[in-house]
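Asks: Test case, fold it:
(one chain, ligands or ions: 1)
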Amino acid sequence: MEKGKKTYKQSQNSCLGKRAYPKFSHHNKVQLPEGVAPFTHITRNERSGRKQIKKKDEDIAVCECKLDPCKTELACGERCLNVLTNTECTPGYCPCGSYCKNQRFQKSEYAKTKLFKTEGRGWGLLADENIQAGNFIIEYCGEVISSEEAKLRSHTYEAQGLRDAYIISLNANYYIDATKKGSLGRFINHSCQPNCETRKWTVLGETRVGIFATQDISVGTELAYDYNFEWYGGINVRCLCGAPNCSIFLGAKSQGFQEHNHVWEDGDDRYTVDEFPLYDSAEDEPLDKVKATDSTIRETLITLKTGDSGLKNNSFGYKYKSFSGSAGARAVDIVKSEVKGGQNAIAVSGPKINDDLNNGLVTASAKRPAKRIPNRKQKLSGRKQVNGKRVAQLFSSKKVQDELIRCEEERSLAATKLESVYDEIRPAIEQHERDSLDSLPTNVAEKWIEASCSKLKADFDLYFAVVKNVVCPPPTNEPNPDS
Ligand SMILES: C[S@@+](CC[C@H](N)C(=O)[O-])C[C@H]1O[C@@H](n2cnc3c(N)ncnc32)[C@H](O)[C@@H]1O
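Replies: Below is the predicted model of the structure:
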């Protein structure tokens, strides 16, 4: 793929007519059937307080497609280098000019769809034309928010009694919330036997989520994708997709599901839990059963398993209002759950891990996602390490002591270098996280890898020297350098 190519001038040819770029409004009006709760229709994600990033010329991916003037419908098709890497072509840079077919998100080239009322699952979206497998159906648009904001909003929506959840994950740190602003993609329901899926595309440097057909879909068929891995928040909802392989709950394997506590509500099939087991999606192990004994306060007994959250005990049980546990108990603050009979108001329930242990995040599964580079410094400084200088004192041989002290000094140099690289690349990492990009620039990643490898090597050299001198101590008749 050629980078940094300047604006392509379309060759004049009799097959080509003049074509201007259409203008697209990001707030296209749509006709909604009566009864649909109001929301603002948008066809482009909104990122509050953030400007569109202007990519440098050399960072723009330009494909190598050659426009066949007599077959313009094939411009930037499935073999386009950008299409193969889920990247949209950039207007003004694509060799196929305005004939480029790889700007579907930018031009909102959606399939025809229609809203309809489902039985028990609220509104749904159906295909209003035949859709071929692989085709782009619609973008999942909404407000791009941080994970902290997603948690906060999710709790607020629950507390407000909103039944339908519209927050999906964009990447490790960002989410798309289509609750108040979104495209019609927000109406696509979940199915354990889906006919479409979400895919991430890079569009003008930003990650966007599209819904694509995974099979041929005939007109009138409901569109559905599997919420697992993408879905965040909301109370646990019993899945009514009706598929034979139904996994019982929506998004049961998603990160949001794992990090949440949930209660069910009477009077709605989706919220009725009789003897359904609750699965810890982190490990696919059945937890203790959820009991619905009382219509006002439900008692839940859940076993929490701690991962690297800082809690020493591996598990502790708790009940609303009472819990048992030792090391973790101090940090657990039980929040009352009240389901008001008849009304749809739900106060969010669950254990609150105190700030000092878990940044105040409400979580039902202490199995944390892998930490990314920005958290690395905290880990580096907090980890208990062997001190080479102190170990050296345990050896009587001066030669061994010197060797270990040298290794320790090298290790401490490597650690300092790693910390300073961290400080140097931190702005680049933060910028990338703010821009919702999944990968770091190569030079940043390389610096980090190099410093990490040096530190690992220094660690290894020290440990190796200790082990070597324990297993094969030097002969005791070594000359005493002081004599
Ligand atoms: C993204 S919204 C989908 C549109 C929603 N049905 C509506 O009326 O706005 C997700 C919500 O739809 C409902 N839902 C989606 N799929 C479902 C399913 N298979 N079973 C039960 N409820 C479902 C749940 O309430 C879920 O929180």
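
Asks: out of everything not next to it in sequence, what's closest to the closest residue to the ligand within the stretch 1-150 of the chain?
Replies: As assessed by CB to the nearest ligand atom, the ligand sits closest to Gly122 within the stretch 1-150 of the chain, at 2.6 Å. For glycine as for every other residue, the C-beta is placed from the backbone atoms N, C-alpha and C. Nearest residue to Gly122 in three dimensions, chain neighbours excluded: Asp164, at 5.6 Å (CB to CB, 6 or more residues apart in numbering).

Asks: tell me the SS of the one you found?
Replies: Using DSSP: H, G, I helix; E, B strand; the rest coil, the three-state assignment for Asp164 comes out as coil.

Asks: In a strand, Ile176, correct?
Replies: Yes - with three-state DSSP as the criterion, Ile176 is assigned to a strand.

Asks: what sits against it?
Replies: Asn45, Tyr140, Cys141, Gly142, Glu143, Val144, Ile145, Ile167, Ile168, Ser169, Leu170, Val209 (CB atoms under 8 Å, 6 or more residues apart in numbering).

Asks: What pLDDT is listed against the closest residue to it other than its chain neighbours?
Replies: Taking CB to CB, 6+ apart as the measure, Ile176 lies nearest to Gly142, with 4.2 Å between them; neighbours along the chain are not counted. For Gly142, the model assigns a pLDDT of 97.

Asks: Can you report how many residues neighbour Gly142?
Replies: The local packing of Gly142 (other CB atoms under 10 Å) involves 27 other residues.

Asks: for Thr40, same thing?
Replies: Neighbour count of Thr40, defined by other CB under 10 Å: 12.

Asks: Trp448 contacts Asp423, doesn't it?
Replies: No - with contact defined as CB atoms under 8 Å, Trp448 does not count as touching Asp423 (11.6 Å).

Asks: and the two? which has more neighbours close in?
Replies: For Trp448 versus Asp423, the count of surrounding residues by other CB under 10 Å is larger for Trp448: 20 against 9.

Asks: Show me what secondary structure element comes after the helix ranked longest in the chain.
Replies: Once the chain is assigned using DSSP state H, the helix that runs over the most residues is helix 398-434. Scanning the chain past helix 398-434 towards its C-terminal end, the next helix or strand to appear is helix 442-471 (assignment: DSSP states H and E).

Asks: for the ligand, what are the nearby residues on this structure?
Replies: Within the chain, the positions lying close to the ligand (CB under 6 Å from any ligand atom) are 121-124, 163-166, 186-187, 189-191, 234, 237, 239-241, 250, 270.

Asks: Just to confirm, what's the three-state secondary structure of Leu115?
Replies: Note that with three-state DSSP, the state of Leu115 is strand.

Asks: for the one 5 residues further on, same thing?
Replies: Under the three-state scheme (three-state DSSP), Gly120 adopts coil.

Asks: And for it, the neighbour number?
Replies: Residue crowding around Gly120 was assessed by other CB under 10 Å; the count is 10.

Asks: so it touches Leu240, yeah?
Replies: Yes - taking contacts as CB under 8 Å, Gly120 lies within contact range of Leu240: 5.0 Å.

Asks: Distance of Thr85 relative to Asn102?
Replies: Using CB to CB, to the nearest Å, Thr85 is found at 11 Å from Asn102.

Asks: More neighbours: the two, which one.
Replies: When Thr85 and Asn102 are compared for neighbours, Asn102 comes out ahead with 23 against 12, by other CB under 10 Å.

Asks: can I assume the more buried one is in contact with Cys89?
Replies: Yes - with contact defined as CB under 8 Å, Asn102 and Cys89 form a contacting pair (4.5 Å).

Asks: Restricting the selection to alpha carbons, write the helix or strand harbouring Ser154 to PDB.
Replies: Secondary structure assigned from DSSP H and E places Ser154 in helix 147-159. Taking Å, rounded to 0.1, in the frame of the first residue of the first chain, the C-alpha atoms of helix 147-159 are listed here in PDB:
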ATOM      1  CA  SER A 147     -15.200   3.300  29.800                       C
ATOM      2  CA  GLU A 148     -15.600   5.300  33.000                       C
ATOM      3  CA  GLU A 149     -18.400   7.300  31.400                       C
ATOM      4  CA  ALA A 150     -19.900   4.100  30.100                       C
ATOM      5  CA  LYS A 151     -20.100   2.700  33.600                       C
ATOM      6  CA  LEU A 152     -21.600   5.800  35.000                       C
ATOM      7  CA  ARG A 153     -24.200   6.200  32.200                       C
ATOM      8  CA  SER A 154     -25.100   2.500  32.400                       C
ATOM      9  CA  HIS A 155     -25.900   2.900  36.100                       C
ATOM     10  CA  THR A 156     -27.800   6.100  35.500                       C
ATOM     11  CA  TYR A 157     -29.900   4.500  32.800                       C
ATOM     12  CA  GLU A 158     -30.600   1.500  35.000                       C
ATOM     13  CA  ALA A 159     -31.600   3.800  37.900                       C
END
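
Asks: which parts of it are buried?
Replies: Going by neighbour count (16 or more other CB atoms under 10 Å), the buried part of helix 147-159 is Ser147, Glu149, Ala150, Lys151, Arg153, Ser154, His155, Tyr157, Glu158.

Asks: just to revisit the earlier point, the residues of the chain next to the ligand, buried ones only, as a PyMOL selection?
Replies: Selecting the buried subset of the residues of the chain next to the ligand in PyMOL, with 16+ other CB under 10 Å as the burial test, is done by:
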select buried, resi 121+123+124+163+164+165+166+186+187+189+190+191+234+237+239+240+241+250+270
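
Asks: Just give the closest residue to Thr113, not the sequence neighbours.
Replies: If you skip the residues right next to it in sequence, Thr113 has Leu125 as its closest partner in space, 5.0 Å away by CB to CB, 6+ apart.

Asks: From Cys472, how far out is the one you found?
Replies: In this view, Leu125 and Cys472 are 71 Å apart by CB to CB.

Asks: who has more neighbours, the two?
Replies: Here Leu125 and Cys472 are set side by side on neighbour count (other CB under 10 Å), and the busier one is Leu125, at 23 against 7.

Asks: What is the helix or strand containing that one packed up against?
Replies: In this assignment (DSSP H and E), Leu125 forms part of strand 123-127. Counting by 3 or more CB pairs under 8 Å, 6 or more residues apart in numbering; DSSP states H and E, the packing neighbours recorded for strand 123-127 are strand 113-117.

Asks: ok, the strand it packs on: who's next to it in the sheet?
Replies: Partners of strand 113-117 in the sheet, by DSSP bridges, are strand 123-127 (antiparallel).

Asks: For the helix or strand just after the strand it pairs with, the averaged confidence score.
Replies: Along the chain past strand 123-127, the next helix or strand (assigned with DSSP H and E) turns out to be strand 136-139. Averaging pLDDT along strand 136-139 gives 98.

Asks: Residues touching strand 136-139, excluding its own?
Replies: Contacts made with strand 136-139 from outside it, assessed by CB under 8 Å, 6+ apart, are listed as 43, 104-105, 108-111, 113, 125, 127, 131, 183-185, 188, 196, 208-213, 223.

Asks: Any of the residues you listed buried? List them.
Replies: When neighbours are counted using 16+ other CB under 10 Å, these contain these buried positions: 43, 104-105, 108, 110-111, 113, 125, 127, 131, 183-185, 188, 196, 208-213, 223.
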